[in-house]
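1. Any chance you could fold what I've pasted below:
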Amino acid sequence: MPRSKINILNAKSKELTGAAEPGYYSDGGGLFLQVSNQGTKSWVFRFKSPVTLKAREMGLGSINTVSLAMARTKALDARIQVSNGLDPLIEKQNAEHQRLLVTARKAATFAICARECIQTHEASWKNAKHRAQWESTLETYAFPIIGNKPVDEIDEQMVLRVLAPIWHTKAETASRLRGRIEKVLDYATAKKHRSGENPARWKGNLKELLGKQSRDTNNQPALPYSRVAEFLHDLRTHEGITAKAIEFVILTACRSGEVRLATWDEFNLAEKKWTIPANRMKAGKEHTVPLSEQAIQLLQTMPRMEGSEFVFFAPRGGALSDMALTAMVRRMHATQVEAGQTGYVDPAQKDSENNPRTITVHGFRSSFRDWAGDTTSYPREVIEKSLAHGIKDKTEEAYARGELLRKRIKLMQAW
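-> Residues are numbered from 1 along each chain as shown. Model (predicted):
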């Protein structure tokens, strides 16, 4: 059987150089010059798909941009694909899909995926503070190093560059940051922006590379309980809402965030109780705080701002910031040091130069815990429940609703 003719046309053929009737002009081997009704001319490759077994046609470009020689090269490539059982059109579509996928992956940076992940999951979080903490830790520690990196390029070494500098000095922050990076990269994988193992996973990966954190690095610097009365005396010489908020933190042994966001409708002064709703508690459970006489007296002296629901309000009516409380403690410490005194430091915790670390507001919970454990005979579960720590034992949990509350009232008054 004679072979089909090929390379029938040439650069001087009238079909290429001049006007031609609409239709298809064969160059052989499935390559055709197509002339449209409008007179435009382009190259097409016609073939029978080995995949669908149907006649198909694939455009190869206009004669204005694709020469006869270029068209023949493209047609040859397509014939080879057909002879190998491939459909050139399907292969072209697959190649375009891969190109777009690569482009999308390059555009999907860690920062973009992180913000998308936060937006996707924030509805399931307890409050706006949780979102703020996510954003803050990622923007402070991760974005400067991997924020602009495509997520499919992020590996263990990049994650280590983020975590290693703070793994032992800011242990709790670093642990939470690692989990958030892992969550973002899991999200990116689900969105098809990356594949393979998650480089931020802990077991069998970063656990071996970062090592175990020291247990005491998560403790907040705390004032020895023997000096709390001295601190309160000093604090009461300062006027303003911030000083009152710090004093209320001390009197109730609550977290600073629970105090800063407290609203008047949470208090029942007649029953000497403060009920913090579940959505503002770390454990996600409603917590009742017995109020001592001193705590009630403080509340009775608090001014109210019209239009603000907060007990400890900021100048514009919103909640006080955590930094406002921190800044006041630091100023009080600095004033003591300038006066040649010890300052408000935790002698059990040292900084990189082996100096005692300045106390934090949160550290007063540790002061309370040490005082209660060292100087009182109250059971552990009474003390732990006063700090809103969970009780795993179901019997203890039931007991906590009754007798435990009565004992906590006495404990808080003693404090």
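
2. which ones are touching residue 289?
-> 252, 254, 273, 274, 275, 276, 412 (CB atoms under 8 Å, 6 or more residues apart in numbering). From N, CA and C alone the C-beta is placed, and that goes for glycine too.

3. give the contact list for residue 369.
-> Counted by CB under 8 Å, 6+ apart, residue 369 has contacts 253, 383, 387.

4. make it 7 Å
-> By CB atoms under 7 Å, 6 or more residues apart in numbering, the contact set of residue 369 is 383, 387.

5. hang on, residue 222 in a helix?
-> No - Residue 222 is assigned coil when assessed by DSSP: H, G, I helix; E, B strand; the rest coil, not a helix.

6. Show me just the buried residues among the contacts of residue 289.
-> With burial judged by 16 or more other CB atoms under 10 Å, the buried subset of the contacts of residue 289 is 252, 254, 274, 276, 412.

7. rewinding a little: redo the contacts of residue 289 as a markdown table? Include distance to residue 11, pLDDT and secondary structure.
-> As requested, the contacts of residue 289 are exported to a markdown table (distance: CB to CB, whole Å; pLDDT from 0 to 100; DSSP: H, G, I helix; E, B strand; the rest coil):
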| residue | distance to residue 11 | pLDDT | secondary structure |
| --- | --- | --- | --- |
| 252 | 92 | 94 | helix |
| 254 | 88 | 93 | coil |
| 273 | 96 | 93 | strand |
| 274 | 92 | 93 | strand |
| 275 | 90 | 92 | strand |
| 276 | 86 | 91 | strand |
| 412 | 98 | 90 | helix |
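
8. returning to what we had before: between the buried ones among the contacts of residue 289, which sits nearest residue 185?
-> residue 276 (34.5 Å; CB to CB).

9. Next, work out how far apart the nearest residue to that closest one once chain neighbours are set aside and residue 389 are.
-> Nearest non-adjacent residue to residue 276, counting by CB to CB, 6 or more residues apart in numbering: residue 287, 4.7 Å away. For residue 287, the distance to residue 389 (CB to CB, to the nearest Å) stands at 10 Å.

10. quick one, which of the two is more surrounded?
-> Neighbours per residue (other CB atoms under 10 Å) separate residue 287 from residue 389, with residue 287 holding more: 19 against 14.

11. Show the model's pLDDT score for that one.
-> Looking at residue 287, its pLDDT stands at 88.

12. For residue 36, give me its contacts.
-> residue 22.

13. Ramachandran coordinates for it?
-> phi -80, psi 170 (degrees, to the nearest 10).

14. rewinding a little: could the contacts of residue 289 go into TSV alongside distance to residue 370?
-> Shown next, in TSV, are these (distance: CB to CB, whole Å):
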residue	distance to residue 370
252	17
254	17
273	26
274	23
275	27
276	23
412	16
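
15. With respect to residue 304, which of those residues is nearest?
-> Among those, and counting by CB to CB, the member closest to residue 304 is residue 274, at 16.5 Å.

16. Residue 277: how many residues sit nearby?
-> 14.

17. Give me the phi and psi for the spatially closest residue to it that is not a sequence neighbour.
-> Counting by CB to CB, 6+ apart, residue 277 lies nearest to residue 286, which is 5.9 Å off, once chain neighbours are set aside. Torsion angles at residue 286 (phi, psi; degrees, to the nearest 10) stand at phi -60, psi 140.

18. Next up, the contacts around residue 286.
-> So residue 286 contacts 275, 276, 277, 278 (CB under 7 Å, 6+ apart).

19. check which helix or strand covers the residue minimising distance to the centre of the chain.
-> Centroid-nearest residue in the chain: residue 134, 4.0 Å away (criterion: CA atoms, centre = their mean). With secondary structure defined by DSSP states H and E, residue 134 is part of helix 128-137.

20. Mind checking the pLDDT average for that helix?
-> 78.

21. How about stretch 60-69?
-> Mean predicted lDDT for stretch 60-69 stands at 89.

22. try stretch 322-337
-> Here the average pLDDT along stretch 322-337 is 91.

23. and of the contacts of residue 286, the nearest to residue 178?
-> residue 278 (27.0 Å).

24. Excluding residues flanking it in the chain, which one is nearest that closest one?
-> Per CB to CB, 6+ apart, closest to residue 278 is residue 286, 4.7 Å.

25. separation between that neighbour and residue 134?
-> 24 Å.

26. Would you map the strands across the chain?
-> Counting by DSSP state E, the chain has strands at residues 23-28, 31-35, 41-48, 55-62, 267-268, 273-276, 287-290, 345-350, 356-358.

27. Looking at those strands, spot the one closest to residue 141.
-> strand 356-358 (20.5 Å).

28. Give me the distance from the closest one to the chain's centre.
-> 30 Å (CA atoms, centre = their mean, to the nearest Å).

29. what does stretch 52-60 give?
-> Distance, centroid of stretch 52-60 to centroid of chain: 49 Å (CA atoms, centre = their mean).

30. surely residue 186 meets residue 196?
-> No - assessed by CB atoms under 7 Å, residue 186 is found out of contact with residue 196, at 11.9 Å.

31. between those two, which one's more packed in?
-> Using other CB under 10 Å as the criterion, residue 186 and residue 196 rank with residue 186 on top: 15 against 8.

32. now the more buried one, nearest residue through space, not along the chain?
-> Closest to residue 186 by CB to CB, 6+ apart is residue 198, at 6.0 Å.
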